[in-house]
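*Asks:* okay, structure incoming, though there's no sequence with it:
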């Protein structure tokens, strides 16, 4: 058995075992969904960072760097910038409201602020996008197994999906927090050791910006259009400010200071880590020209351009990032389904045991659907773009408006979501052809959502003043 496969299998067994072991600590829905609101800054940091560094941050970012060079930093760098805003302007406020009203999910907050219809609409849209995000993580994991063993995508997606579903279903947020700590350690070691070796193989960092590299490789301000370079700030930055999965992890903090500190440390780590997969992707462009599958850039580099022992460690680290991000998605899906749908609309008087059971069953179903979608969607970045776009245009304006505009009502929330999603859909399908070809769909949709939200506020003020005033 190849060394690469041995390390991946060993790591997977340890992760599943740790998740099952922590299940003995989970006896209530509070412990499953928000870890009993007991997480300190260290576990919040590890859980947040592990969730934020996934397929897009590693396999996807390396693929972008293979094409665009250093400007691919914006994919993860924007997440770090968004996380700074989340740490100081959103997370502590959300935690305080959640603690006061015993909220488990972002849907709880949306109904509290706007009403049941806004909650329902947001849950449906973000849930659909979350399944695409889960598929993106599984595509990356399947690509790693394909490079190492030649296994088809369906087999790799099934294996990765099985691992993350078992350990999350067993331990919930509390189990994930401990598993994420292990995964974070594996990831840091793997990238810290692999990056210097990879750079030295092409003559060091100067070679990445030398005459052999494309002219735009060293320009961090380069962009080939929407979805490239600095334009990614509009896609990933806002997503990391209002992500339901991250908000719900913040709900698990023991106090506002722990939440602020843990999230801020995660933001700083993201800003620094953003360079690692980008530099590896640039190395791959120089050392392995001609790769046509962007998903295969990072796995191929680690497998074929590094010493076997080092490539095995690095691949285990990358595989780790895909798995630990999957649990954050399952967390978002299971809590939303059990609290936002099952308890809110189907069984209002559901017992704690019923909520826990529904949460675990939803995690199993979500894992299965993610595996199916991973066989259908093409690329990691494509799958993640679907999620980030829907997330941003659905939640950014209602969440931020709810926190900072006291007069906001259900009309504001519904108008913002409707305007954002319709604009996104129109621009994505190119309904107006070349006229909209150069516009960033997510940024335009976000602007439309903000305008609709503001228009409803102005209308409400005019009605309050009465006619002729």
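*Replies:* Yep, it's here. In this text, all values refer to a predicted model and were calculated from it rather than measured experimentally.
*Asks:* pLDDT weak spots in the stretch 151-300 of the chain?
*Replies:* By pLDDT under 70, the weakly predicted segments of the stretch 151-300 of the chain are 164-181, 183.
*Asks:* in it, which spans are helices?
*Replies:* Per DSSP state H, counting those that start in this stretch, the stretch 151-300 of the chain carries helices over the ranges 153-201, 205-208, 233-242, 244-251, 256-273, 275-287, 297-304.
*Asks:* just send those helices back as a markdown table, with mean neighbour count and distance to residue 111 too.
*Replies:* The way it works is simple: take the backbone N, C-alpha and C, and place the C-beta from them, glycine included. Shown next, in a markdown table, are the helices of the stretch 151-300 of the chain (neighbours: other C-beta atoms under 10 Å; distance: least, C-beta to C-beta, whole Å):
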| stretch | mean neighbour count | distance to residue 111 |
| --- | --- | --- |
| helix 153-201 | 22 | 21 |
| helix 205-208 | 16 | 50 |
| helix 233-242 | 24 | 16 |
| helix 244-251 | 27 | 13 |
| helix 256-273 | 21 | 22 |
| helix 275-287 | 24 | 38 |
| helix 297-304 | 24 | 41 |
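*Asks:* right, and residue 381 touches residue 64 too?
*Replies:* Yes. Using C-beta atoms under 8 Å, residue 381 is in contact with residue 64, at 6.7 Å.
*Asks:* between those two, which one's more packed in?
*Replies:* More crowded of residue 381 and residue 64, by other C-beta atoms under 10 Å: residue 64, with 28 against 23.
*Asks:* and the gap between that one and residue 290?
*Replies:* Using C-beta to C-beta, to the nearest Å, we find residue 64 at a distance of 17 Å from residue 290.
*Asks:* for residue 43, same thing?
*Replies:* Distance, residue 43 to residue 290, using C-beta to C-beta: 44 Å.
*Asks:* next: residue 344.
*Replies:* Residue 344 sits 53 Å away from residue 290, taking C-beta to C-beta as the criterion.
*Asks:* among those two, which residue is more densely surrounded?
*Replies:* Using other C-beta under 10 Å, the more surrounded residue of residue 344 and residue 290 is residue 344, with 19 against 5.
*Asks:* angle of the host helix or strand of residue 133 against helix 297-304?
*Replies:* For residue 133, the enclosing helix or strand under DSSP states H and E is helix 116-149. Using axes from the mean of the first three to the mean of the last three C-alpha atoms, to 10 degrees, the inter-axis angle of helix 116-149 relative to helix 297-304 is 30 degrees.
*Asks:* so what does helix 116-149 touch, helix or strand wise?
*Replies:* Where contact means 3 or more C-beta pairs under 8 Å, 6 or more residues apart in numbering; DSSP states H and E, helix 116-149 is packed against helix 3-22, helix 106-113, helix 153-201, helix 297-304, helix 308-335, helix 352-376, helix 380-404, helix 410-428.
*Asks:* contact partners of the second one?
*Replies:* Pointing back at helix 106-113 there. 94, 97-98, 101, 103, 118-119, 122-123, 242, 244, 247-248, 336, 339-340, 344, 395, 398-399, 402, 408, 413 (C-beta atoms under 8 Å, 6 or more residues apart in numbering).
*Asks:* try it again at 6 Å.
*Replies:* The contact list for helix 106-113 (C-beta atoms under 6 Å, 6 or more residues apart in numbering) reads 103, 118, 119, 122, 123, 244, 247, 336, 340, 402.
*Asks:* same question for stretch 400-418.
*Replies:* Contacts of stretch 400-418 (C-beta under 6 Å, 6+ apart): 93, 113-115, 118, 121, 394, 397-398, 449, 452-453, 456.
*Asks:* tabulate the helices and strands packed on helix 116-149 (JSON lines), appending distance to residue 140.
*Replies:* Shown next, in JSON lines, are the helices and strands packed on helix 116-149 (distance: least, C-beta to C-beta, whole Å):
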{"stretch": "helix 3-22", "distance to residue 140": "13"}
{"stretch": "helix 106-113", "distance to residue 140": "26"}
{"stretch": "helix 153-201", "distance to residue 140": "8"}
{"stretch": "helix 297-304", "distance to residue 140": "8"}
{"stretch": "helix 308-335", "distance to residue 140": "5"}
{"stretch": "helix 352-376", "distance to residue 140": "9"}
{"stretch": "helix 380-404", "distance to residue 140": "5"}
{"stretch": "helix 410-428", "distance to residue 140": "23"}
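*Asks:* just tell me which of the helices of the stretch 151-300 of the chain ends up closest to residue 356.
*Replies:* Nearest of the helices of the stretch 151-300 of the chain to residue 356, taken as C-beta to C-beta: helix 153-201 at 8.3 Å.
*Asks:* ok, residue 143 - how many residues close by?
*Replies:* Using other C-beta under 10 Å, residue 143 has 27 other residues around it.
*Asks:* and what of residue 289?
*Replies:* Residue 289: 9 neighbours (other C-beta under 10 Å).
*Asks:* for it, list the residues it contacts.
*Replies:* Contacts for residue 289 were tallied using C-beta under 6 Å, 6+ apart; there are none.
*Asks:* what's the distance between it and residue 213?
*Replies:* 11 Å.
*Asks:* go on, residue 84?
*Replies:* Between residue 84 and residue 213 the computed distance is 31 Å (C-beta to C-beta).
*Asks:* state the pLDDT value of the residue nearest the centre of the chain.
*Replies:* Ranked by distance to the mean C-alpha position of the chain (C-alpha atoms, centre = their mean), the top residue is residue 52 at 5.3 Å. At residue 52, the model reports a pLDDT of 83.
*Asks:* now swap in residue 103 and tell me
*Replies:* 88.
*Asks:* using the three-state scheme, assign it.
*Replies:* Under the three-state scheme (DSSP: H, G, I helix; E, B strand; the rest coil), residue 103 adopts coil.
*Asks:* identify the residues contacting it.
*Replies:* For residue 103, the contacting residues are residue 109, by C-beta under 6 Å, 6+ apart.
*Asks:* quick check: phi and psi on it?
*Replies:* phi -80, psi 140 (degrees, to the nearest 10).
*Asks:* for residue 94, see how far away it is.
*Replies:* 8 Å.
*Asks:* tabulate the helices of the stretch 151-300 of the chain in TSV, adding columns for distance to residue 377.
*Replies:* Formatted as TSV, the helices of the stretch 151-300 of the chain follow (distance: least, C-beta to C-beta, whole Å):
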stretch	distance to residue 377
helix 153-201	10
helix 205-208	30
helix 233-242	17
helix 244-251	19
helix 256-273	25
helix 275-287	20
helix 297-304	18
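*Asks:* from the contacts of helix 106-113, which has minimum pLDDT?
*Replies:* residue 336 (78).
*Asks:* count the neighbours of it for me.
*Replies:* Neighbour count for residue 336, taken as other C-beta under 10 Å: 29.
*Asks:* quick check: residue 446 is in a helix.
*Replies:* Yes. Secondary structure of residue 446 (three-state DSSP): part of a helix.
*Asks:* and for residue 299, nearest residue in space, chain neighbours not counted?
*Replies:* In space, residue 299 comes closest to residue 147 once its chain neighbours are excluded; the distance is 4.0 Å by C-beta to C-beta, 6 or more residues apart in numbering.
*Asks:* cool, residue 381 as well?
*Replies:* Here the residue nearest residue 381, using C-beta to C-beta, 6+ apart, is residue 60, at 4.6 Å.
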